[in-house]
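Peer 1: Mind folding the following:
(one chain, ligands or ions: 1)
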Amino acid sequence: MNAHFPAARPRRLRRTPALRRLVAETRVRPEELILPLFVKEGIGEPNPVASMPGVVQHTRDSARKAAQEAAEAGVGGLMLFGIPEFKDERGSGADDPGGVVQRSLRDLSADLAGDIVIMADLCLDEYTSHGHCGLLTPAGEVDNDATLERYAAVAIAQAAAGVEVVGPSGMMDGQVAAIRAALDGAGYTDVAVLAYAAKYASAFYGPFREAAEGAPQFGDRNGYQQDPANAVEALREVELDIAEGADMVMVKPGLAYLDIVARIAERVSVPVSAYQVSGEYAMIEAAAEKGWLDRERVMLETLLSYRRAGAGQILTYWATEAARLLR
Ligand code: PBG
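Peer 2: Below is the predicted model:
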């Protein structure tokens with residue numbers, strides 16, 4: 001044997017598509033994708049979100065159609081966000097039985113229950129006039145414990161409207177326990193909690209705040225969302241949420257936090273989800289629009305990276321399109 005020949009040749013298994021397919025360690029499947037949907041009250045036509053090409057604020061009817069299409073493409077779940085026509089200090093629309101999300105939940109569970117998992121974001125920022133995720137103290141700070149009572153009421157309203165999984169995203173301490181107790185107390189023991197356990201105070205949420213009209217009117221969320229500098233703290237948040245009864249935990253954003261996904265996935269025994277947030281979507285769409293990136297390839301590569309890091313479920317605005325490409 002020629003001494004210059006390499007003894008090991010990893011390239012042998014990369015030679016053909018069939019070989020690569022055979023040895024692939026990770027796959028993305030449509031049923032693991034979750035589509036976020038924005039439903040806005042009081043609009044006659046879907047309203048495009050400028051910073052998220054391809055994403056709209058839905059009417060109740062167009063949300064039904066988008067949900068149907070997602071289910072037909074094999075997408076595993078829907079995460080509903082509501083934008084009310086009127087906002088107030090306490091976010092009354094969030095737990096109004098006639099509120100936008102509750103109405104839409106009734107529509108979607110009538111159409112699709114059993115075909116796709118119906119989830120709703122549970123927070124107040126889209127519903128409050130000040131845009132914060134909770135009630136404010138007279139000094140203008142977010143009042144943790146008073147907010148928990150509001151979240152409990154929202155959970156019950158969403159459960160009564162047919163939600164299967166609630167996703168508390170406000171990062172209040174004790175929110176999972178408060179929601180679990182409220183759901184159980186009202187007889188909704190089967191409604192699951194997907195906790196946005198490790199949610200960072202991220203600039204990647206920029207476009208979402210246009211889509212959901214939930215930008216804080218003053219200050220920022222640094223007092224309740226996590227510092228991007230911290231990883232160990234994410235483990236603590238996750239441990240607390242699981243102890244409080246979380247059925248699933250989520251990391252958010254995803255791409256810049258895949259190290260957090262990996263650390264959590266190694267440690268816990270509940271499903272770990274990750275959210276490919278609005279800013280990640282917008283960056284790739286914008287670069288693709290300029291012809292600087294191959295949109296579909298980058299889309300699928302990022303989703304694969306989430307899975308490789310250990311995410312079970314991925315929330316992505318591309319869910320329906322990606323599911324079709326993957327089939
Ligand atoms: C809060 C919430 C936010 C997102 C999901 N839920 C925004 C925030 O915390 O400011 C962001 C999602 C995204 O950027 O795609 N209800």
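
Peer 1: buried ones in the helix or strand where residue 280 lies?
Peer 2: Per DSSP states H and E: residue 280 is located in helix 278-289. The neighbour-count check on helix 278-289 (16 or more other CB atoms under 10 Å) flags 278, 279, 280, 281, 282, 284, 285, 288 as buried. Just so you know, the C-beta spots here come from the backbone N, C-alpha and C atoms, and that holds for glycine as well.

Peer 1: Equivalent analysis for stretch 64-77, please.
Peer 2: Buried residues in stretch 64-77, counted by 16+ other CB under 10 Å: 64, 66, 67, 70, 71, 73, 74, 75, 76, 77.

Peer 1: Is it possible to get a markdown table of the residues you listed that adds pLDDT, secondary structure and distance to the ligand?
Peer 2: Formatted as a markdown table, the buried residues of stretch 64-77 follow (pLDDT from 0 to 100; DSSP: H, G, I helix; E, B strand; the rest coil; distance: CB to the nearest ligand atom, whole Å):
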| residue | pLDDT | secondary structure | distance to the ligand |
| --- | --- | --- | --- |
| 64 | 98 | helix | 22 |
| 66 | 98 | helix | 16 |
| 67 | 98 | helix | 18 |
| 70 | 98 | helix | 16 |
| 71 | 98 | helix | 21 |
| 73 | 98 | helix | 20 |
| 74 | 98 | coil | 22 |
| 75 | 98 | coil | 16 |
| 76 | 98 | coil | 18 |
| 77 | 98 | strand | 15 |
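
Peer 1: Indicate whether the longest helix belonging to the chain makes contact with the ligand.
Peer 2: What stands out as the longest helix in the chain, according to DSSP state H, is helix 144-160. No: using CB under 6 Å from any ligand atom, helix 144-160 stays clear of the ligand, coming no nearer than 11.3 Å.

Peer 1: Quick one: residues in contact with the following helix or strand past the helix holding residue 280.
Peer 2: Downstream of helix 278-289, the first helix or strand assigned by DSSP H and E is helix 295-309. Helix 295-309 is contacted from outside by 25-28, 32-33, 254-255, 258-259, 261-262, 265, 274, 276, 280, 284-285, 287-288, 314, 316, 318, 321-322, 325-326, using CB atoms under 8 Å, 6 or more residues apart in numbering.

Peer 1: Now the buried members of those residues.
Peer 2: Listed as buried from those are 28, 32-33, 254-255, 258, 261-262, 265, 274, 276, 280, 284-285, 288, 314, 316, 318, 321-322, 326; burial here means 16+ other CB under 10 Å.

Peer 1: And for the closest residue to residue 266 other than its chain neighbours, the neighbour number?
Peer 2: With sequence-adjacent residues excluded and distances taken as CB to CB, 6 or more residues apart in numbering, residue 266 is closest to residue 310, at 6.9 Å. Counted with other CB atoms under 10 Å, residues neighbouring residue 310 total 18.

Peer 1: was I right about residue 310 contacting residue 273?
Peer 2: No: counting by CB atoms under 8 Å, residue 273 is not a contact partner of residue 310; they are 10.5 Å apart.

Peer 1: near the ligand, which residues of the stretch 101-250 of the chain show up?
Peer 2: Counting by CB under 6 Å from any ligand atom, the stretch 101-250 of the chain comes close to the ligand at 121, 123, 125, 169, 205, 208, 209, 214, 221.

Peer 1: Recalculate using a threshold of 5 Å.
Peer 2: 123, 125, 169, 205, 208 (CB under 5 Å from any ligand atom).

Peer 1: Phi and psi next, for the second one.
Peer 2: Note on residue 125: backbone dihedrals following degrees, to the nearest 10 are phi -60, psi -30.
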